[in-house]
Structure formats: C-alpha cells, structure tokens
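**Q** 3D model of this:
(one chain, ligands or ions: 1)
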Amino acid sequence: MAGADGVPWWRDAVFYQVYVRSFADSDGDGLGDLPGITSRLRYLCDLGVDAVWITPFYPSPQHDAGYDVADYRSVDPRFGRLEDVDALLARAHDLGLRVVVDLVPNHTSSEHVWFRQALAAGPGSPERARYLFRKGRGPGGDRPPNNWESVFGGPAWTRVDDPTPGSGSRGEWYLHLFDRSQPDLDWRNPEVPAMFEEVLRFWLDRGVDGFRVDVAHGLFKVESLRDQRGIPAGGGDLPSDREERSMVAREARDEPMWDQPEVHEVYRSWRGVLEEYSGDRMAVAEAWTQTPQSMARYVRPDELHQAFNFAWLLAPWSASAFADVVRGTLAAVAPVGAAPTWVLSNHDVVRHPTRYGGGSRGLARARAATLTMLALPGSAYVYQGEELGLEEVDVPPESRQDPYWFRTGKVGRDGARVPIPWRGTRSPYGFGPRGASPWLPMPDDWAQLTVAAQRRDPGSTWSFYRDALRARRRVARDGDDVELVEGRSTVLHLRRGGLTVLCNCGTRPVRLPAGEVVLASGRLERGLLPPDTAIWLV
Ligand code: GLC
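**A** You can find the predicted model right below:
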C-alpha cells in the first residue's frame, strides 16, 4: 500500500542486500541460511533499513552461488525449507521490513528438469526449443554457431553429445552467456514466459514484496544469433578491467545478445501481474545497459519499478565524475517519471572502500560517497558488510569458488563475498557456531570490525550508517529536485530541498557554507571539511 503521503514504499526505500550464503549460518555447515537471516532481521531494523533483498536460495548445484537455479519454486536444503521462507517473511513484516527475492529468468541451471529433458530429447524436439540449441559451423559442426563470448570467459557455447543410442557422435551446441552450467532460455518460446509468470505468482502468493530481476537485459538475443561485430576471428580478448568484470556494456559496442527491444514486452506483462496484488509489489532490474537512457527504458511507467543505476559504482573518486553521474541519472529517469536508484557495492564488484584506494583513506572516501548517495532522491541499495566498512578480501586461490575466477584467472568476486563477522575475536566471528568453518575463509584481523565491536563504538562505520539512515528519514525526503551548486571542481556541492551536501574529493580542507550540521562522514578540522569527507547541512 502507498504510504500516507501517497508515495509507494519502494520509491525512497533503503534496501539491504543479503547475500544468503554469507550472512548468518544457523546450522554450522559453513553456509549462511534462511533461519540465519530471520534471526538477524532485528539487526537490520536497528540499522534502519526499509527492505531486504535476498540473493537466490533455490535448489541449485551452486556452480554460480545459486544464480544457477534448478527449481524456481523451492528452497535448496542447504539454505532451509519453504517454511523457513514463510517464517522469514512473517518476521520481516512484523518488524516492518519488506522482502525482495531474486529472480533468475535469463538462464536455468543445467540441472533444471527442462535442460535434462532437452539433452535427452535431441535435436529438433520441443524440449530443446526452450533453450538455444544450434548446429555448429564448419566441417562436422565443430565450431560454435557464432563468435559470442561468455561473460565469464571463453566461448558462450558448449557442445553436447548426440543422444541417439549408440551414435557416439557429437551433436548440437547450446548458448550460455554465463557459465556452461547456466544454459540460456529461449524467451521467444511461449512456454518460457508462461513458466516465469507462474514463478512470479508462486512467490507473490507467499507474500514477497518484490523481485530483483537478474540479468534483466539478457532475455532476448537477436533472433538470427548473428556474430557480434568487432570481435576478432577466433574470439576476442577477454576484458581485463574491473568494469568489464561487472558486465558493463561499452557504449557503441555491437551487442546482439543484450538489451533487445522485445524484452520490454516481458516487463510490461510482469507489471500487470505485480499490480494484481495489493501492497505495491515491485521489481528492480539488474540491467547493465549501454547508456542511462537505455536503462531508463526498463522503468517506464508500465514496466519495472526500478533499475540498478551502476553509474556511481563505475565512477572514479572525483567530484566532477560524481556530478556527472547525478546529473546524468536524474536526466535519464525524469522523462519516464521513475525514481532513481543508487548503489556503491554488491556481490559482483570490488567493495567500495577498496575501490577508493583501501586503508583508512579508502574507508573515509567510502563513507563520504555513502553519505552523499543517501542524500539523493530515489532509493539506495546497501550491500551487507558495507555498514562495517569491510574491504575486499584477498581470498587464497585454493579457497576460491567463483566461476569467473576459474574461467578467466582474473580478480573474481569471492573477495566481496566473505561472510559477515558478527562478534568475537576469531573466525567464524559468530557467523556460524564455533568450530564451523565458513565457506570462504575469514581474515584473522577482523576482531575490531565485528558488528558487536562496532555497535559499542559511536565513531564506528556501523554507527555512522545507523546515524545516516536515521538522518535520511528526517531530512532527505524533500522532493526529487537536486541542484548542483557551482563550486570548485574538487568539491561536489548539491542541494535538495532544505538539505545541503558537500563531498570533498580534493586534497585541501574546504570552508562550509552556512547551515546547521546534521551529520558528517568523518571529523571536521577546525570547522573545515577535510579531504575525503562529506557533510549534510540544513
Ligand atoms: C548477475 C548476478 C551474478 C551472476 C550473474 C549470472 O549478474 O548478480 O552474481 O553471476 O547474474 O546469473
């Protein structure tokens, strides 16, 4: 239901992303689980968030940490049972928290019953037509059907054996934009949208408040499955930088596999389903599109409610870059009437204190960026552990689990996925029962970073997040207009309603404009705003 002011709850909500396997382990198997989350919902209320987004907990062989779903309407026994979802939802709603679950429509797991049937049924069958099976090119069909690369590295195609008994020969290829264990569905086959509509209804009936739509820009590929232009024969070099690891599409790159116009029809129909339910159910798209304008197409009034805006997360530590992001984002969503979203970290990218240089400077900058982001209109997404100021962890090679790391040897995403330290002085820091080893090793020097330690310290990053979230409710609700005040290029200075925000990205302290200080991300120096610090004034 819309709030008393007629604004739906999600429009300015702060969402907290729970990465299931790393949040809280109730049964000591080293993996977080649903009862673990339920037991910590009070914590999220104390922190002051409005909603929780929970990453996939469905049955899965876990080749991509649950983003390889084998059954969309059940719970992986490692994470609990369906009753645990019900209990989680009930507790969250009692506490006034909304719950958004992850939906993975671009691909299934290779262990999904549909894919098993497709392998058994053979070429030309209706079972194969739910996926993108094609004959190979060249003599014997030995080359993949086109030159597309998987986001996780290597060709986006894998060849299967011919299922004819005794044939012993190699058969068709199937498309997987991610790992080979994640075959892409063919959204032109009406069985596919029909199945997902049932999945939506299944979770809506259970009471979820919304969905985070994984790879929302991927469902449709150019129908001909033609080659991608600009890729050297034999495949392109894999993108090496962090941005590419985050699946960022470069402007003007030919992308026959992403962001095809047909995808919007799906979201229009989903919007209709969501609106059949009461309570302002919503959906947020993970859509790594090429421009803010193409992102805005996903949030037209009859499509999804929000799309992650990854622009800030990709920007360097620079006032002018931040100003461009704010300006560009607001300009893109305004024509479609959507509220913007802001995000600095998630389970796919290097944590923002590390991106900003690490150590005390990286943390100071991260806090400053967070405070600035929280002042802006629209909603904000916080990734678990950022309220503790956690940095990216250098996970030893033998402990790595991310398929991206295995397929490319590049940084990988495990470093942002290390479990949360709750209390105590040694691993697993209360993440699970004493003695249980967490699925990724936790650093030895996290005793000062635990939730318990930081809640005792009014100067901690945890206390700062709590104060910022409280202050946001009081002073950062004043309309959608943001004025970027002219100023020095090293300082981002903006106004929203009665709130003034400064973020000092330069190297010198700066004078404060008139006003009463609401909150600063660090200590002021003789009344000046030091470098790497942000402040709110009213
Ligand atoms: C999304 C998820 C990522 C996953 C990928 C494939 O980008 O955030 O973790 O690997 O989709 O499902």
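**Q** and whichever residue of the stretch 251-400 of the chain sits closest to the ligand, how many residues sit next to it?
**A** The nearest approach of the stretch 251-400 of the chain to the ligand comes at Asp348, 4.8 Å away (C-beta to the nearest ligand atom). Bear in mind the C-beta positions are built from the backbone N, C-alpha and C, glycine included. By the measure other C-beta atoms under 10 Å, the count of residues near Asp348 is 19.
**Q** Test my guess that it contacts Gly412.
**A** No. Using C-beta atoms under 8 Å, Asp348 is not in contact with Gly412; the gap is 10.3 Å.
**Q** Show me where the stretch 351-500 of the chain dips below the pLDDT cut-off.
**A** For the stretch 351-500 of the chain, the stretches flagged by pLDDT under 70 are 486-488.
**Q** what about the strands in it?
**A** 379-383, 483-484, 491-496, 499-504 (DSSP state E, counting those that start in this stretch).
**Q** okay, which residue of this protein is out on the far edge from center?
**A** Ranked by distance from the centre of the chain (C-alpha atoms, centre = their mean), the top residue is Gly166, with 45.2 Å.
**Q** my read is that residue is in a helix, agree?
**A** No. Counting by DSSP: H, G, I helix; E, B strand; the rest coil, Gly166 is not found in a helix; it is coil.
**Q** who are the neighbours in contact with it?
**A** Contacts for Gly166 (C-beta atoms under 8 Å, 6 or more residues apart in numbering) come out as none.
**Q** That one and Ala118: what is the separation?
**A** Distance, Gly166 to Ala118, using C-beta to C-beta, to the nearest Å: 20 Å.
**Q** for Arg134, same thing?
**A** Distance, Arg134 to Ala118, using C-beta to C-beta: 13 Å.
**Q** again, but for Ala51
**A** Distance from Ala51 to Ala118, by C-beta to C-beta: 37 Å.
**Q** now swap in Ala65 and tell me
**A** Taken as C-beta to C-beta, the span from Ala65 to Ala118 is 24 Å.
**Q** Compare the two (neighbour count), which wins?
**A** Using other C-beta under 10 Å as the criterion, Ala65 and Ala118 rank with Ala118 on top: 25 against 21.
**Q** How about Gln389: what's its closest non-neighbour residue?
**A** Let me fix one detail, which is that residue 389 is Gly and not Gln. Nearest residue to Gly389 in three dimensions, chain neighbours excluded: Thr461, at 3.6 Å (C-beta to C-beta, 6 or more residues apart in numbering).
**Q** Would you map out the domains in this structure?
**A** Domain ranges of the chain: 113-175, 481-537, per automatic domain parsing.
**Q** Relative to the ligand, which of these is closest?
**A** The closest of those to the ligand is domain 113-175. By C-beta to the nearest ligand atom, the value is 7.3 Å.
**Q** Quick one: mean pLDDT over that closest one.
**A** Mean pLDDT, domain 113-175: 94.
**Q** chain center to it, what's the gap?
**A** Distance of domain 113-175 from the chain centroid (C-alpha atoms, centre = their mean, to the nearest Å) equals 30 Å.
**Q** and what of stretch 94-109?
**A** 11 Å.
**Q** can you list the residues of the stretch 101-250 of the chain near the ligand?
**A** Contacts of the stretch 101-250 of the chain with the ligand, taken as C-beta under 6 Å from any ligand atom, map to 104, 178, 214-215, 247.
**Q** residues contacting Ala283?
**A** Going by C-beta under 8 Å, 6+ apart, Ala283 touches 103, 210-213, 267, 270-271, 274, 304-306.
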